[in-house]
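Enquirer: Task: produce atomic coordinates for the following.
(chains A and B)
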Amino acid sequence: MELSASITTAAKYLAAGFVMGIGSIAAAYGEGQVASHAIDGMARQPEMEDSLLRTMVIGQAITESTGIYSLIVAIMLLMVV
Amino acid sequence: MLEHLGEKLVLRIGGSDAFGLDIVTIIMSWVVMAVIIAFAWWLRQGLNQDVEEEPSSRLVVIESLMNLLEEQFSDAFESERLQAQLFSFISTLFIFITVSNWIAIVPGLSSPTQDFNIPLSFALLVFIVSHYFGMKLNGTGNYLKSFAEPYPFMLPMNLISEIAKPISHSFRLFGNVFGGAVLISVLTAKLIPILLPAFFQAFYGLFIGAIQAFVFALLAVSYINVAVEE
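Expert: As a prediction, the model looks like this:
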């Protein structure tokens, strides 16, 4: 393999790894925050559990989208570029 | 096995790149529809019984399914009227996406939501429905004016946030399902081909599939709520 081609391949794999690794930190931290605060609320008011659970799932789904974007970018780096 | 990962079987109409049909996705969505219709028809047969008889098991299944859907989605709507009009639409989305995600656990079948076109079409459908109801319930003029609030120079930002909604809505479902599918095929082809993929199938196919379908339906409800209350 030519040198430039192998450098490109290495950069592709490195970039995909970094994208997933760094990109998922924020999403994981955010989802943990949402879950911990929802549990705080549930412990304080157990009768609100149903609506808190639903709001928590929506909040986590929205928080998750940055992680999903980094997954899409990583897959595109590996398969399309 | 892995060298075919990400490849698609596309039927080009007229030999051009512009218009193609993804055959596997189309067949799989028809399979999902057939499964849902067959199940609904089978459940419907259980209703043909006398009032005095003991309720059959299928009747109990129908009631528990309807209770589940009503419990989860009926409080989420902003008003009773909206709920009466849109409950069946949201439930249909939920049931179709759930079955689409679950069907991937059958070996040899792939879920239709794994192709980006299906989540995108659902997200655009929700987008159109939310704006239609926003215009219908608030009046077209009032609704269009609400994009220039609180200040007129916020108009571009409001428009961009509206366009971002279907994009993030569709990518969320697609990314979860596709990520799970890629992980399972890599695991099966390269690492451990026995036993362990079954647990991953159960986690990604059944658990994540149901959660994502639920999230998709709930986000659809909340996008419609936001459009209606503007």
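Enquirer: Flag every residue of chain B that's near chain A.
Expert: Proximity of chain B to chain A is assessed by Cβ under 8 Å from any Cβ of the partner chain, with B:5-6, B:71-72, B:75-76, B:168, B:171-172, B:175-176, B:178-179, B:182, B:211-212, B:214-215, B:218-219, B:222 identified as the residues in range. For the C-beta atoms, the positions are set from N, CA and C on the backbone; glycine is no exception.
Enquirer: Show me which of the residues you listed are buried.
Expert: With neighbours counted by 16 or more other Cβ atoms under 10 Å in any protein chain shown, the residues of chain B next to chain A contain buried members at B:72, B:76, B:168, B:171-172, B:175-176, B:178-179, B:182, B:211-212, B:214-215, B:218-219, B:222.
Enquirer: Which members of the residues of chain B next to chain A are positioned in helices?
Expert: Filtering the residues of chain B next to chain A for membership in helices, criterion DSSP state H, returns B:71-72, B:168, B:171-172, B:175-176, B:178-179, B:182, B:211-212, B:214-215, B:218-219, B:222.
Enquirer: Quick one: residues contacting B:Ile62.
Expert: For B:Ile62, the contacting residues are B:Leu43, B:Gly46, B:Leu47, taking Cβ atoms under 8 Å, 6 or more residues apart in numbering or on different chains as the criterion.
Enquirer: wait, I meant A:Gly67
Expert: Contact analysis of A:Gly67 by Cβ under 8 Å, 6+ apart lists A:Gly23, A:Ser24, A:Ala26, A:Ala27, A:Ala28.
Enquirer: Which two of those residues have the greatest separation?
Expert: Comparing all pairs in the contacts of A:Gly67 by Cβ to Cβ, the longest separation belongs to A:Gly23 and A:Ala28, at 9.9 Å.
Enquirer: secondary structure element for residue 35?
Expert: This is for chain A. helix A:3-44 (DSSP states H and E).
Enquirer: oops, chain B please
Expert: Of the helices and strands defined by DSSP H and E, B:Val35 is found in helix B:23-45.
Enquirer: In chain B, what residue comes closest to chain A?
Expert: Among the residues of chain B, B:Gly175 lies closest to chain A, at 3.5 Å counting by Cβ to the nearest Cβ.
Enquirer: Make sure I have this right: B:Leu11 is in a strand.
Expert: Yes. When classified by DSSP: H, G, I helix; E, B strand; the rest coil, B:Leu11 is found to be part of a strand.
Enquirer: about what we covered before: could you check how far the residue of chain B closest to chain A is from B:Leu109?
Expert: Per Cβ to Cβ, to the nearest Å, B:Gly175 is found 20 Å from B:Leu109.
Enquirer: Find the residue at the geometric middle of the chain.
Expert: All of this refers to chain A. Among the residues of chain A, the one closest to the centroid is A:Gly67, at 2.3 Å (Cα atoms, centre = their mean).
Enquirer: The intended chain is chain B.
Expert: Closest residue to the average C-alpha location of chain B: B:Ile97 at 3.8 Å, with Cα atoms, centre = their mean.
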